[in-house]
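A.B. asks: fold the following, please.
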Amino acid sequence: RLSAETDIRPEYFMYQFPNLEYLEMFARASRKVPVDTRFIERPWKNLTDFAMEVDPGFSSLTVEGLLVHVLGDLLTYTNKLATIKIHANQSGIKVSETSLLVKLNQVKSHLSQLRKIEFLSPYCISNGGLTSQLADFFIANCPSLELLRDVASWSGSEEAWASIACKAKE
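C.D. replies: Numbers count the residues shown, from 1 in each chain. The predicted structure follows:
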């Protein structure tokens, strides 16, 4: 179990703590740190739970890439992740849906164990909350998914969400 207040991307922790089961981050940015060549890459075999709290009011200018970088690193280095919980204060994390979907597509083979994805914040994707397109991606690529929750608004047409609801029931 590791709790870290950091602006360093999670990939750095993979080199130092390969046996993590739970990672909790209090993040403000997603700075890539050079890794000493003496460290060897050892993907997480036991990491199943991840939580991140961020306060965008204190974040650097890279706040839009924060979620893309952090989730990208986690899902690149583990295929056992079962829960993701994101909590943001104030205005929420603004995220480019396109960038997030591109990154998630790159790691979709590592999504099979995801059971719970929660955004407990005024989370924003293009200022609108979880979109039907992103929800559709998670439902299509996370066969173990039991809970997809966003306490902010949900964006998309009524028809798109009806289609998502039908897929979720299957």
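A.B. asks: so what touches stretch 2-16?
C.D. replies: Stretch 2-16 is contacted from outside by 17, 20, 22-33, 35, 39-44, 60, 69-70, 73-74, 76-77, using CB atoms under 8 Å, 6 or more residues apart in numbering. For every residue, glycine as well, the C-beta is placed using N, CA and C.
A.B. asks: repeat that for stretch 101-120.
C.D. replies: Taking CB under 8 Å, 6+ apart as the rule, stretch 101-120 contacts 48, 68, 71-72, 75-76, 78-87, 130, 133-134, 137-138, 141-152.
A.B. asks: and L111, how many neighbours?
C.D. replies: Here the count is done by other CB atoms under 10 Å, and L111 has 20 residues near it.
A.B. asks: next one: L104
C.D. replies: Neighbour number of L104 under other CB under 10 Å is 20.
A.B. asks: and it, that one's in a helix?
C.D. replies: Yes: according to DSSP: H, G, I helix; E, B strand; the rest coil, L104 belongs to a helix.
A.B. asks: and T83, what is it in contact with?
C.D. replies: Counting by CB under 8 Å, 6+ apart, T83 has contacts T48, D49, F50, A51, L114, R115, K116, I117, E118.
A.B. asks: scan the chain for its longest helix.
C.D. replies: Ordering each helix of the chain by length in residues (DSSP state H) puts helix 63-77 first.
A.B. asks: next, the buried residues of whichever helix or strand A168 is part of.
C.D. replies: Under the criterion of DSSP states H and E, A168 resides in helix 158-169. By neighbour count on 16 or more other CB atoms under 10 Å, the buried set for helix 158-169 is A160, W161, S163, I164.
A.B. asks: now the most far-flung residue of the chain relative to its centre, what are its backbone angles?
C.D. replies: Most distant from the centre of the chain: R38, at 28.7 Å, with distances by CA atoms, centre = their mean. Note on R38: its backbone torsions stand at phi -70, psi -20 [degrees, to the nearest 10].
A.B. asks: got any ranges where this structure has weak pLDDT?
C.D. replies: Applying pLDDT under 70 to the chain picks out residues 29, 55-64, 89-93, 121-129, 151-153.
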